[in-house]
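**Q** Any chance you can model this:
(chains A and B)
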Number of protein chains: 2
Amino acid sequence: MKEKGLLIVLSGPSGVGKGTVRKQIFSHPETAFEYSISMTTRNPREGEVDGVDYFFKSREDFEALIQQDKLLEYAEFVGNYYGTPVDYVKETLESGKDVFLEIEVQGARQVREKFPDGLFIFLVPPSLSELKNRIVTRGTESEDVINNRMTVAKEEIEMMNLYDYVVENDQVELACDRINAIVVAEHCRRERVEPRYIKMLEVE
Amino acid sequence: MKEKGLLIVLSGPSGVGKGTVRKQIFSHPETAFEYSISMTTRNPREGEVDGVDYFFKSREDFEALIQQDKLLEYAEFVGNYYGTPVDYVKETLESGKDVFLEIEVQGARQVREKFPDGLFIFLVPPSLSELKNRIVTRGTESEDVINNRMTVAKEEIEMMNLYDYVVENDQVELACDRINAIVVAEHCRRERVEPRYIKMLEVE
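**A** Okay, here's the model as predicted:
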């Protein structure tokens, strides 16, 4: 029986830099896991490409997929849907490859229920004040939106106890190194590899 | 309160290359953890230096230290004692530094009882037959000793369920990379870092 891949879930508060970290990880040619592209109803930001950064969908199309149970998780966040198409994830894991999701905190909770053995990584800013700075300098949000996001972020940091690992995004490259180390380490976890060795002993 | 260091325990069957892996790890200047030198009553092998590879002690001295409760763990293995002086380990952990032990399987079991939160890594050969090759090519053991070691090794592999991680020593440098990744990952484990973030939220 082929060994199944590992489901790697990167999440964290809005504005922490999940997308930047994910892009940096996948810019390395030696990255051995597969990225599951999310689906969203929000408008593309400048430079974002449909089918690369997200699958951009209408609200109607998204809700139809929910009805058809074609989403591993979905969440409504600041007025937009975000979700993960389920078929790609299941097929890739079955083929033995690791799958990497970069999703919002609400969605991560749903994935945890369906994949309790997944590897859940929470990305945090060095401090909440830095989170605020990042949102402000993005320069596209009103004061109300920012305050709303701060409240959400505080709740999300309190939700840290859903996760297996917490990675500080102090420097993007360092955060990527930590995430890659976590994946390497998880592949060495005894629960995952012990059956292989027990089998080896029986053969010999 | 200062955060305590992590106790890293590398163990595995005799002949698997624990010492070689440990030396390779500590040959890297960026290695941030401290090596706890073991104590033994066995004779030094060629090139081994007292106070560097081991503290070499007489049987009488070693047994006196057992009586004084000055050993974190000790084991008798193929007719010799091996042990870990306890004071160095405790002081270094208290100072916030990680401590690295390279010890036999019997000793690791004792450390697990005293440090359940330690990070226990089991080093295994790619196959049991390779383990046998390694012992043979070491060329200093009789057939009986080799067969005895094989029996011990099979028992030890069955003891894998004491450990958190299993690292295959297919190539020394790869094994070192995996061990370093495991240490990085463990420092990101939510249970270890969550209290820091909860405190941060309270302050803000």
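
**Q** So what touches stretch A:46-66?
**A** By CB atoms under 8 Å, 6 or more residues apart in numbering or on different chains, the residues outside stretch A:46-66 that reach it are A:19, A:37-44, A:71, A:74, A:81, A:83, A:85. Using the backbone N, CA and C atoms, a C-beta is placed for each residue, glycine as well.

**Q** Of these, just say which sits nearest to chain B.
**A** Taking CB to the nearest CB as the measure, residue A:19 is the one of the contacts of stretch A:46-66 closest to chain B, at 19.8 Å.

**Q** how about residue A:177, phi and psi?
**A** phi -60, psi -40 (degrees, to the nearest 10).

**Q** and it, how many neighbours does it have?
**A** 15 (other CB atoms under 10 Å in any protein chain shown).

**Q** nearest spatial neighbour of it, skipping sequence neighbours?
**A** Closest residue in space to residue A:177, ignoring its immediate chain neighbours: residue B:184 at 7.4 Å, by CB to CB, 6 or more residues apart in numbering or on different chains.

**Q** separation between that neighbour and residue A:167?
**A** Separation of residue B:184 from residue A:167 (CB to CB, to the nearest Å) stands at 10 Å.

**Q** So these two - more neighbours on which side?
**A** Between residue B:184 and residue A:167, counted using other CB under 10 Å, residue A:167 has the larger neighbour count: 26 against 19.

**Q** what comes up buried for the helix or strand containing the residue nearest to residue A:177?
**A** Assigned by DSSP states H and E, residue B:184 belongs to helix B:172-187. Buried positions in helix B:172-187, judged by neighbour count with 16 or more other CB atoms under 10 Å in any protein chain shown: B:175-176, B:178-187.

**Q** hmm, back to that, next, show the common contact partners of residue B:184 and residue A:167.
**A** Joint contacts of residue B:184 and residue A:167 (CB under 8 Å, 6+ apart) are A:178, A:182.

**Q** residue contacts, the residue nearest to the spatial centre of chain A?
**A** Taking CA atoms, centre = their mean, the centroid of chain A lies closest to residue A:102, which sits 2.3 Å from it. The neighbours of residue A:102, taking CB under 8 Å, 6+ apart as the test, are A:10-11, A:18-19, A:21-22, A:35, A:38.

**Q** where along chain A do the strands fall?
**A** A:7-11, A:34-36, A:38-40, A:54-56, A:71-77, A:80-85, A:99-102, A:119-124, A:165-168 (DSSP state E).

**Q** got a pLDDT number for residue A:150?
**A** With respect to pLDDT, residue A:150 has a value of 68.

**Q** mind listing what residue A:120 touches?
**A** Counting by CB under 8 Å, 6+ apart, residue A:120 has contacts A:9, A:11, A:108, A:111-112, A:162-165.

**Q** Which strand residues bridge it?
**A** Per DSSP bridges, the residues bridged to residue A:120 are residue A:9.

**Q** Just the buried positions in stretch A:64-80, please.
**A** Neighbour-count burial for stretch A:64-80 [16+ other CB under 10 Å]: A:65, A:71-75, A:77.

**Q** How many residues are close by residue A:29?
**A** So residue A:29, with other CB under 10 Å, has 5 neighbours.

**Q** Over to it: give its phi and psi.
**A** Per degrees, to the nearest 10, the backbone of residue A:29 is at phi -60, psi -20.

**Q** From residue A:9, how far off is it?
**A** The value you get for residue A:29 to residue A:9, if CB to CB is used, is 23 Å.

**Q** Kindly report the same for residue A:193.
**A** When residue A:193 is compared with residue A:9 (using CB to CB), they lie 21 Å apart.

**Q** So which helix or strand of chain A has the lowest pLDDT on average?
**A** helix A:128-138 (a mean of 59; mean pLDDT, DSSP states H and E).

**Q** ok so, going back, kindly calculate the angle that the helix holding residue B:184 makes with strand B:7-11.
**A** 150 degrees (axes from the mean of the first three to the mean of the last three CA atoms, to 10 degrees).

**Q** helices and strands around helix B:172-187, which ones?
**A** Of the remaining helices and strands, those touching helix B:172-187 by 3 or more CB pairs under 8 Å, 6 or more residues apart in numbering or on different chains; DSSP states H and E are helix A:172-187, strand B:7-11, helix B:18-27, strand B:119-124, strand B:165-168.

**Q** will you turn these into TSV that also has distance to residue A:5?
**A** Shown next, in TSV, are the helices and strands packed on helix B:172-187 (distance: least, CB to CB, whole Å):
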stretch	distance to residue A:5
helix A:172-187	10
strand B:7-11	28
helix B:18-27	27
strand B:119-124	22
strand B:165-168	18
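
**Q** Tabulate these (JSON lines), appending mean pLDDT and distance to residue B:144.
**A** Converted to JSON lines, the helices and strands packed on helix B:172-187 look like this (pLDDT from 0 to 100; distance: least, CB to CB, whole Å):
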{"stretch": "helix A:172-187", "mean pLDDT": "96", "distance to residue B:144": "38"}
{"stretch": "strand B:7-11", "mean pLDDT": "96", "distance to residue B:144": "24"}
{"stretch": "helix B:18-27", "mean pLDDT": "93", "distance to residue B:144": "23"}
{"stretch": "strand B:119-124", "mean pLDDT": "94", "distance to residue B:144": "24"}
{"stretch": "strand B:165-168", "mean pLDDT": "94", "distance to residue B:144": "28"}
